[in-house]
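Undergrad: Give me a model of this one.
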Amino acid sequence: MHGGAIMTFVHALGAIGAFMNLSEGANGTTTIESKTNFLGAAPEGDIVTGETTPVRIGRRLSVWQTRITRGDGKLVALVTQSQMVL
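TA: Predicted coordinates for the structure are as follows:
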């Protein structure tokens, strides 16, 4: 799986998590930082799974960590991203 596809997948997962945790009256969220560690390959035809968990959800900023694993459970990427509330 291409690194850009992994980052797009992860970015969407973190943004969805941040959006689902917006307080009433917030206008949205935007990514202000994203760090990706590529740790292994995901060969063509393999199924990848993404799991995003909050590290911290604050009033103006949330931080998310996402693990991308392949079908055999091996880690492909570990990403930390910060989302700012608009």
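
Undergrad: and the gap between the residue located most distally from the centre of the chain and residue 52?
TA: Ranking residues of the chain by C-alpha distance from their mean position (C-alpha atoms, centre = their mean) puts residue 25 at the top, at 23.8 Å. Between residue 25 and residue 52 the computed distance is 24 Å (C-beta to C-beta, to the nearest Å). For every residue, glycine as well, the C-beta is placed using N, CA and C.

Undergrad: same question, residue 18
TA: Counting by C-beta to C-beta, the gap from residue 18 to residue 52 is 10 Å.

Undergrad: Give the intersection of the neighbour lists for those two.
TA: Taking C-beta atoms under 8 Å, 6 or more residues apart in numbering as the contact definition, residue 18 and residue 52 share the neighbouring residues residue 64.

Undergrad: So between these two, which is more surrounded?
TA: When neighbours are counted by other C-beta atoms under 10 Å, residue 18 comes out ahead of the other of residue 18 and residue 52, with 26 against 19.

Undergrad: sorry, back to before: wait, is the residue farthest from the centre of the chain part of a helix?
TA: No. With DSSP: H, G, I helix; E, B strand; the rest coil as the criterion, residue 25 is assigned coil and is not in a helix.

Undergrad: Could you report the distance from it to residue 85?
TA: Residue 25 is 10 Å from residue 85, by C-beta to C-beta.

Undergrad: Kindly report the same for residue 70.
TA: As defined by C-beta to C-beta, residue 70 lies at a distance of 33 Å from residue 85.

Undergrad: any idea whether residue 11 is helix, strand or coil?
TA: Looking at residue 11 with three-state DSSP, the answer is helix.

Undergrad: Of residue 70 and residue 85, which one has the most company?
TA: Looking at residue 70 and residue 85 with other C-beta under 10 Å, you find the greater number of neighbours at residue 85, namely 20 against 17.

Undergrad: who's that one bridged to?
TA: Using DSSP bridges, the bridge partners assigned to residue 85 are residue 29.

Undergrad: Which parts of the protein are helices?
TA: Assigned by DSSP state H, the helices in the chain fall at 3-20.

Undergrad: hang on, the earlier thing: give me the pLDDT for the residue farthest from the centre of the chain.
TA: On the pLDDT scale, residue 25 is placed at 89.
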